[in-house]
Structures are given as C-alpha cells and as structure tokens.
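# Next one to model:
(chains A and B)
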Amino acid sequence: MGDSDATTSKAELDARFTELYRAHLRDVYSYSYYRVGNHHDAEDLTEQTFLQAYRHFERALRESGGRPLRPWLIRIAHNLAANFYRDRSRKPESAIEDAGVISSVHTTESLVEGREELQSILAGVAQLPDDRREALIMRFALGMDNREIARALGRTDGATKVLLHRAIRQLEGIVAAPEESQA
Amino acid sequence: MTSAAADFEALLREALAPVEPPADLAQRLELTLVNLTELAQEELEAWELPAMRDPRNWVRPVAAAVVGTTAGTALVLLRVRARHRARAAGSGSLRELAGRTLQDIAEETRRVLPDR
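Coordinates of the predicted model:
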C-alpha cells in the first residue's frame, strides 16, 4: 500500500469493501456457522463482522501492507464469537453435533448425513479445545494456509503449524477411540 | 505425509465443507452495503426546499444526510427503522417517539462511523 491510500476516496473505499465482502461472505459465514452451531446466530455474527470490518476498513487497508485481508476479517469474527459466548454466558452449540438434525436444507449437512465417518469426525472436532477447533475450521472449511491462520489467531507461523498438527493428531485419537472400544 | 494421514485430512475436508450463506442473508447484506446508499442519496435530492419549512419534515432528510455518504451507514437506517417500528407499537407519545428515534440515529451513527 502506498501513500496514495491515505487519500483513497470514499467511493473507492466502498468499492473495495464491496469486493472484500463478495469475496469472503462465504468464508465468514462458514466460520461463524462452525463456531456458533446454528444458522440464526451465524447470520448475526456474519452481519456484525462485516459491520465491524467496515468501521475499520480504511485503517486495515493502510496497515495491511498489501497482504490479503481475509485473516483480519476472520479475526474480527473470532473476537465477536468470543464476546458472543461471554455476553450470553453460553457454550457453543455444536453444528457439528447437530449436523444431521439442523439442516436438511444445507448442502454440508446433507453431505454429512448418512456418512457415519464424517459425523464422527464432526463430533470429534466439537470436542477439541477452542484453539485447535478454530485452526481446523480455518484450514479445512475456509482453506486458509498456515500464514493466514497464524495472522487470524495472532500466532507465529511455526506455532500455527504445531497447533494444526496437534489438532489433527488429537482428532484422529478421538475418532479412533470409539472404534477401538467397540473392537 | 502417510496415505492414512492424507485420507484422514481428506475426510476432514469433506466433513468441514464450506457452508453457503442463506440467500436472504446475502441479499440483505448486499442491499445494506450497496443500494441503501443510493436510496439515502435519492431521498436527499428529492427533498424539496419548501417542505423543509415544516419541522416535522426534518427527521427524514437529516437521517438521509447522516447515512447518505457511505454504504455502511445504511446499516444505521436499517437498525433505527427496526427499533422505531418496535417502539412505535408501544409508544403513547409521538413527540417522545421522534425524540428517541433521533437519539438512535445519533448513537448508531457514532457506532458505525467512529473512524470516519
């Protein structure tokens, strides 16, 4: 970002925000949905995320140094989700646990429905510690790379790589455990 | 990466497939961010000067002026209108209702546009 950004016109700013919104609406919604566990709250969270993003968009553009803004957007959603639980004093409902029930209209759940192995993976994801679950959502639902996830979570690239590795290993253990106990 | 690990990650990717936002959410946000700016602008332009002699007509153009500059400010209008409708049902006084609605506009504007 050069000096010209300091004088970016409002119209240009709005056009760029619209571009950002269109490019990442699905990312923000997916993240929100897997965090809060139902469509209603996911819609609220998505709306609030874009509202917050708009408030700080000009500064974010200035400070981004030309890097993609998706991690910044997801970080906003992450912070809002944390406030959401704190304000309402409740734990996340699990879209993951309820996946087969909530959403017959939903492509994702329709896909998962009837696939026991996928359902057990989703149930396992719900049991992970928050930071590991979030890292997996960012990697697999949003397709973010290590660097993007690191920026969204405020960690180093190395710490993020370790976090993802441990999350996957722990999840494999959780998924395998019931099968082993049945054997 | 072993093939078992690759298989597990493939399953994980399938289980955590991206979730499409409901169409009405996309439409609502799109409208909010893009079209209402134009609406507020048109409302301002369409407001004729003679009508402004009557103070009862000041609320709408003031709101339009407040929200007319950027797309995001349209959210102010949406939220104020929603609260206005809810309050109107329970309000006994038009004067009180108008006062609170104006206060809402100011508060929402401060919330939405602190950096602008």
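
# Which residues are in contact with residue A:153?
Neighbour list for residue A:153: A:75, A:78, A:131, A:134-135, A:138, A:160, A:163 [criterion: Cβ atoms under 8 Å, 6 or more residues apart in numbering or on different chains]. In this view, the C-beta of every residue, glycine as well, is placed from N, C-alpha and C.

# Among those residues, which are located in strands?
With strands taken from DSSP state E, there is no overlap with the contacts of residue A:153.

# Closest to residue A:171 out of these?
Nearest to residue A:171 among the contacts of residue A:153, counting by Cβ to Cβ, is residue A:135 at 10.8 Å.

# contacting residues around that closest one?
Contacts were defined as Cβ under 8 Å, 6+ apart; by that measure residue A:135 touches A:149, A:153, A:160, A:163-164, A:167.

# follow-up on the earlier one: could you identify which of the contacts of residue A:153 has the most neighbours?
Looking at those with neighbours defined as other Cβ atoms under 10 Å in any protein chain shown, the largest count falls to residue A:138 at 29 neighbours.

# where's that residue relative to residue A:52, distance?
Distance of residue A:138 to residue A:52, given as Cβ to Cβ, to the nearest Å: 18 Å.

# Equivalent analysis for residue B:16, please.
Taken as Cβ to Cβ, the span from residue B:16 to residue A:52 is 24 Å.

# Same drill for those two, tell me which one is more crowded.
Applying other Cβ under 10 Å to residue B:16 and residue A:52 shows that residue B:16 carries more neighbours, namely 24 against 17.

# Does chain B have contacts with stretch A:55-65?
Yes: using Cβ under 8 Å from any Cβ of the partner chain, stretch A:55-65 reaches chain B at A:55-56, A:58-59.

# ok, of the contacts of residue A:153, which one's closest to chain B?
Here the nearest of those to chain B, counting by Cβ to the nearest Cβ, is residue A:138; it sits at 9.7 Å.

# could you list every residue that touches that closest one?
If you count contacts by Cβ under 8 Å, 6+ apart, then residue A:138 has A:31, A:74, A:144, A:148-149, A:152-153 around it.

# Residue A:151 versus that one, what's the distance?
Applying Cβ to Cβ, the value for residue A:138 to residue A:151 is 10 Å.

# secondary structure element for the spatially most central residue of chain A?
Chain A has residue A:31 as the residue nearest its centroid, 2.9 Å off, counting by Cα atoms, centre = their mean. Assessed by DSSP states H and E, residue A:31 sits inside helix A:10-36.

# ok so, going back, mind listing what the residue nearest to the centre of chain A touches?
Residue A:31 neighbours (Cβ under 8 Å, 6+ apart): A:74, A:77-78, A:137-138, A:141-142.

# Not counting sequence-adjacent ones, nearest residue to residue A:60?
The shortest distance from residue A:60 to any non-neighbouring residue, by Cβ to Cβ, 6 or more residues apart in numbering or on different chains, is to residue A:72 (5.4 Å).

# Please disregard the earlier target; I meant residue A:148.
The spatial neighbour of residue A:148 that comes closest, neighbours along the chain excluded (Cβ to Cβ, 6+ apart), is residue A:71 at 4.7 Å.

# Distance of that neighbour relative to residue A:121?
Noted for residue A:71: a distance of 25 Å to residue A:121, by Cβ to Cβ.

# try residue B:29
From residue B:29 across to residue A:121, the span is 31 Å (Cβ to Cβ).

# got it, and residue A:127?
Counting by Cβ to Cβ, the separation of residue A:127 from residue A:121 is 11 Å.

# Around residue B:32, how many other residues sit close by?
23.

# now do residue A:127
Neighbours of residue A:127 (other Cβ under 10 Å): 15.

# in stretch B:10-18, what counts as buried?
Residues of stretch B:10-18 classed as buried by neighbour count (16 or more other Cβ atoms under 10 Å in any protein chain shown): B:11-12, B:14-18.
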